[in-house]
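**Q** The following comprises the amino acid sequence and a computationally predicted model.
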Amino acid sequence: MHPDRDLDLLRSKYKERDEDGRLPHHWMAAKAQTHTHALAHVGVWSIWLNPEALTTRDNKGETSIDIARRSGACAEIIGLLSNTPEEARSLGCMGMNRLYAVGLLEE
């Protein structure tokens, strides 16, 4: 991790909602039809920075996993978003990367 990275700023950005009450997790879920290791890595980081977003509902009452399933997201992203906040904290960033972004770690 780069020493100049401001984690508090990053965490705050992953907690900002848009006009529909959606967090970055919701938007990733809607756009994740094709799996890439980079997309999974971004998903892992977003969850690590704000694990509570896994259960946060937008203005329509949908969580990120609801959106992922409805939009036909790839299996890896559905698996990632199916974690509870407690499971995500337990796995940690590296554990989630090993499970969902394996190819990125091998590159």
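**A** Nice, I can see it.
**Q** okay, CA-based contacts and neighbour counts for the rest of this
**A** OK.
**Q** Now do the helices in this protein.
**A** Shown for the chain, the helices assigned by DSSP state H span residues 7-13, 24-31, 37-49, 64-71, 75-81, 85-100, 102-106.
**Q** The first one packs against which elements?
**A** Taking 3 or more CA pairs under 8 Å, 6 or more residues apart in numbering; DSSP states H and E as contact, the helices and strands that helix 7-13 lies on are helix 37-49.
**Q** If you count neighbours, what's buried in the helix it packs on?
**A** 37, 39-41, 43-49 (16 or more other CA atoms under 10 Å).
**Q** Which one of those is nearest to Ser12?
**A** The closest of the buried residues of helix 37-49 to Ser12 turns out to be Leu49 (CA to CA; 8.6 Å).
**Q** And the residue nearest to the closest one when sequence neighbours are not counted, what's its pLDDT?
**A** Spatially, and ignoring its direct neighbours in sequence, Leu49 is nearest to Arg11 (5.1 Å; CA to CA, 6 or more residues apart in numbering). pLDDT for Arg11: 78.
**Q** what does Ser82 give?
**A** Reported pLDDT for Ser82: 96.
**Q** Isn't it up against Asp66?
**A** No: using CA atoms under 8 Å, Ser82 makes no contact with Asp66, being 9.5 Å away.
**Q** ok so, going back, now render the helices of the chain as a markdown table, adding distance to Thr56.
**A** Converted to a markdown table, the helices of the chain look like this (distance: least, CA to CA, whole Å):
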| stretch | distance to Thr56 |
| --- | --- |
| helix 7-13 | 15 |
| helix 24-31 | 9 |
| helix 37-49 | 12 |
| helix 64-71 | 8 |
| helix 75-81 | 11 |
| helix 85-100 | 10 |
| helix 102-106 | 26 |
